[in-house]
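J.: pasting the structure only:
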């Protein structure tokens, strides 16, 4: 099954001058379920716009987008919000946790929007925080925890509604090496458990650990490279078994 | 979801306590003003009506001048000026009323100018009323000492003192058997009247606890035989006969007054509604002024919410990314505005308790807080929250997620 299918997607800026080239041009892309895809490209190449379209935060000017084999173009604003809620988990470079709330409350937000009863919500949020290894920081404010912990909290929040797709926009961009590794390990474990992940990164090393690298330049996909299982750094390819708790949490 | 929104609203109000409080101030002042004025007004109304009904049962009051009339719609019109000047009521009217069917008792009220003193102490607030023995039958007064004057004393120099007046002149000493001076004539005190429950006050009229009662004939002597009857009280034999008696009294009096209606016959209900009407008008006027404070308060809330929405643009973006729909976002900010306004209303009502009792203490009125007033106050608060929260909520809901997420 394909989680994502883009057909001839073009995107113009709303306030583009006539004759200005589109920010995305004739993008065709298929991402199968369970794939871990890295998107690379210089800034201004259109990769952020591509991510926004994949995340249903923006709509293409033309072309077709199928998410979980459903055509998106025809959806109303409120339907898009519900699809974001149910099918997509966002992980941002700047974490984007709500600072007024505790870590636990942040993880609960997507479940509030799905109407999960308070007690169930609470329990699942704690489970997820346990999975990402920061259960002990559940009651802390995001400003009181480290960047690595914040990003793990954001991943827990992204997983709350068991999404079919994780969109990570430079998830390690604001982290030190050690925290980066912890976050990447978590993403890899999620991937091995069957979750589809699309990650924007500037770091070729991180990109190489994924199944496929897509290069975007001037609004076009210039290269889509399948990684060989044998290539890549052997140390990163060690298949640590997926924790059963994580599988359970993702409903697998 | 609503519950979650309420929790989130409290969270964000707590995050900016001072600003929230200042924003609420308009609502607090507006609600406090309306509710406290209303409660004092209700208190005065209750006091007056207690006092009027406390005069006795099934009473009709005849006053000089046409002070009260009903217009074609049955609305009560008042003209107090018509009662100013010399009284048009005479002793002949007393006799005429006494013969009216179903009227059992009639008593006059004459005011005597003068002061009451004892042993060098002079009362500042005493009211001297001259009346007949029938007055005691009408008023059903209770005595802490002594008794009312009887028929054999109807021209004697005897007097009864109200509880406050006795206290003022005699302190805790016995007054019965002692003498007081009224217009340099000695009067023997034969009774002290128990303090009334309703009391009297600056607003509600005469304080019957500061009255010295004299026999009518004694009053006449003090005034050189020339006494004006301010009011005549008449008692009907049953409550059913009160209203019909109004016309019968009028007929009887018109003959005495050469066909001219220069007097009014009022039931206790008339008196209560007359005073109530004036107070209602006053309350409405003050409420209208205070509603300007509420309007300003509402605008303050709108202002703060608009600032809040802008400040929290990024939060809105994050929430939208996490799946919040437009209506979810609108609901969140609308509830925040409503809660802001409602807390203002709550504090306003609390303030009104303070102000009501404060003003009440100064004016000797016990404020009356009705459930009705409270409900209206809270209802108005919620309404203000909705009206002035709507525009900011819509502004928040309309933010586009990608732009909102980019907002720093």
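T.: Cool, the structure landed. Note that the structure is predicted; figures quoted are calculated from it, not measured.
J.: Which positions in the stretch 1-150 of chain A make contact with chain B?
T.: Residues of the stretch 1-150 of chain A lying near chain B by CB under 8 Å from any CB of the partner chain: A:52, A:55, A:57-58, A:77-78, A:81-82, A:84-86, A:90, A:92, A:96, A:98, A:100-101, A:109-110, A:112-115. The C-beta positions use only the backbone N, C-alpha and C, and glycine is treated the same way.
J.: Make a ChimeraX selection of whichever of these turn out to be buried.
T.: Restricted to buried positions by 16 or more other CB atoms under 10 Å in any protein chain shown, the ChimeraX selection for the residues of the stretch 1-150 of chain A next to chain B reads:
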select /A:52,55,57,58,81,82,84,85,86,90,92,96,98,100,101,109,110,112,113
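J.: Count the neighbours of residue 195 for me.
T.: Using chain A. 25 (other CB atoms under 10 Å in any protein chain shown).
J.: could you do chain B instead?
T.: Residues lying near residue B:195 (other CB under 10 Å) number 16.
J.: quick one: it and residue B:166, what's the gap?
T.: The gap separating residue B:195 from residue B:166 is 10 Å, by CB to CB, to the nearest Å.
J.: Among the residues of the stretch 1-150 of chain A next to chain B, name the ones in helices.
T.: Using DSSP state H, the members of the residues of the stretch 1-150 of chain A next to chain B that fall in helices are A:52, A:77-78, A:81-82, A:84-86, A:109-110, A:112-114.
J.: Okay, now the unreliable bits of the chain?
T.: No chain was given, so I picked chain A. For chain A, applying pLDDT under 70 flags the ranges A:228-239, A:252.
J.: wrong chain, I was asking about chain B
T.: Residue ranges of chain B with pLDDT under 70: B:67-85, B:197-206.
J.: which residues touch the closest residue to chain A within it?
T.: Here chain B gets closest to chain A at one residue, residue B:323, 2.3 Å apart by CB to the nearest CB. If you count contacts by CB atoms under 8 Å, 6 or more residues apart in numbering or on different chains, residue B:323 has them with A:81, A:82, A:84, A:85, A:86, A:110, A:113, A:114, A:161.
J.: Show me where the stretch 151-252 of chain A has its helices.
T.: In the stretch 151-252 of chain A, the segments counted as helices under DSSP state H, counting those that start in this stretch are A:177-192, A:204-208, A:244-249.
J.: Could you identify which of those helices is most buried?
T.: Comparing those by mean neighbour count (mean count of other CB atoms under 10 Å in any protein chain shown), helix A:177-192 comes out on top with a mean of 18.
J.: Does anything pack onto that helix? Which helices or strands?
T.: In terms of contacts (3 or more CB pairs under 8 Å, 6 or more residues apart in numbering or on different chains; DSSP states H and E), helix A:177-192 is packed against strand A:36-40, helix A:147-159, strand A:165-169, strand A:196-200.
J.: The second one vs helix A:177-192, what angle?
T.: Helix A:147-159 and helix A:177-192 meet at an angle of 20 degrees, taking axes from the mean of the first three to the mean of the last three CA atoms, to 10 degrees as the criterion.
J.: Now do the buried residues in stretch B:344-352.
T.: Neighbour-count burial for stretch B:344-352, counted by 16+ other CB under 10 Å, picks out B:344, B:345, B:346, B:347, B:348, B:349, B:351, B:352.
J.: these two touch, right, the first one and residue B:297?
T.: Yes - A contact is recorded between residue B:344 and residue B:297 when judged using CB atoms under 8 Å, the distance being 6.6 Å.
J.: which residues are common contacts for the two?
T.: Counting by CB under 8 Å, 6+ apart, the residues touching both residue B:344 and residue B:297 are B:24, B:25, B:26, B:27, B:28.
J.: My guess is residue A:224 contacts residue A:216. True?
T.: No - using CB under 8 Å, residue A:224 makes no contact with residue A:216, being 10.0 Å away.
J.: which of those two has more neighbours?
T.: residue A:216 (25 against 14).
J.: what's the nearest residue to that one if we skip its chain neighbours?
T.: Once flanking residues are discounted, residue A:216 sits nearest to residue A:41: 3.7 Å by CB to CB, 6 or more residues apart in numbering or on different chains.
J.: do residue B:262 as well
T.: Leaving aside its chain neighbours, residue B:262 sits nearest to residue B:88 (4.5 Å; criterion: CB to CB, 6+ apart).
J.: if we can go back for a sec, out of the shared contacts of residue B:344 and residue B:297, which is nearest to residue B:362?
T.: The closest of these to residue B:362 turns out to be residue B:28 (CB to CB; 21.6 Å).
J.: And residue B:168, its phi and psi?
T.: For residue B:168, the backbone dihedrals are phi -70, psi -40 (criterion: degrees, to the nearest 10).
J.: circling back: tell me the SS of the residue of chain B closest to chain A?
T.: Following DSSP: H, G, I helix; E, B strand; the rest coil, residue B:323 is assigned to coil.
J.: List the residues that contact the closest residue in space to it that isn't next to it in sequence.
T.: If the residues on either side of it in the chain are set aside, residue B:323 comes closest to residue A:85, at 2.3 Å by CB to CB, 6+ apart. Neighbouring residues of residue A:85 by CB under 8 Å, 6+ apart: A:110, A:113, A:114, A:161, B:322, B:323, B:324.
J.: burial count for residue 2?
T.: Went with chain A since none was named. Residues lying near residue A:2 (other CB under 10 Å) number 15.
J.: wait, chain B
T.: Using other CB under 10 Å, residue B:2 is surrounded by 9 other residues.
J.: do residue B:194 as well
T.: Other residues within reach of residue B:194, judged by other CB under 10 Å, total 13.
J.: Contacts only, for the residue nearest to residue A:216.
T.: Residue A:41 touches A:47, A:215, A:216, A:217, counting by CB under 8 Å, 6+ apart.
J.: Closest residue of the stretch 1-150 of chain A to chain B?
T.: Using CB to the nearest CB, residue A:85 is the residue of the stretch 1-150 of chain A that sits closest to chain B, at 2.3 Å.
J.: so how far is residue B:315 from that residue?
T.: Shown here: residue A:85 relative to residue B:315, a distance of 16 Å by CB to CB.
J.: And for residue B:96?
T.: Distance, residue B:96 to residue B:315, using CB to CB: 83 Å.
J.: Equivalent analysis for residue A:219, please.
T.: Note on residue A:219: its distance to residue B:315, by CB to CB, is 31 Å.
J.: mind checking the SS state of the residue lying closest to residue A:16 once chain neighbours are set aside?
T.: Nearest in space to residue A:16, with sequence neighbours left out and distances taken as CB to CB, 6+ apart, is residue A:22 at 7.6 Å. Assigned by three-state DSSP, the conformation of residue A:22 is coil.
J.: Hmm, residue A:22 is touching residue A:8, no?
T.: No - using CB under 8 Å, residue A:22 makes no contact with residue A:8, being 11.6 Å away.
J.: Give me the more crowded residue out of those two.
T.: Neighbour count, other CB under 10 Å: between residue A:22 and residue A:8, residue A:22 has more, with 21 against 12.
J.: Over to that one: give its phi and psi.
T.: phi -70, psi 160.
J.: What of residue A:195?
T.: With angles defined as degrees, to the nearest 10, residue A:195 sits at phi -80, psi 140.
J.: middle-most residue in chain B, spatially?
T.: Nearest residue to the geometric centre of chain B (CA atoms, centre = their mean): residue B:44, 1.9 Å.
J.: hmm, which two among the ones in helices among the residues of the stretch 1-150 of chain A next to chain B are most spread apart?
T.: Spanning the widest gap among those are A:52 and A:112, at 23.7 Å by CB to CB.
J.: The residue nearest the centre of chain A bridge partners, please.
T.: Centroid check for chain A by CA atoms, centre = their mean gives residue A:167 as the closest residue, at 1.5 Å. Residue A:167 has these beta-bridge partners by DSSP bridges: residue A:90, residue A:198.
J.: right, and it touches residue A:187 too?
T.: No - counting by CB under 8 Å, residue A:167 sits too far from residue A:187 to count as a contact (11.5 Å).
J.: Next, show the common contact partners of these two.
T.: With contacts defined as CB under 8 Å, 6+ apart, the residues shared by residue A:167 and residue A:187 are residue A:199.
J.: so who does residue A:245 touch?
T.: Each residue near residue A:245 by CB under 8 Å, 6+ apart is listed here: A:127, A:130, A:131.
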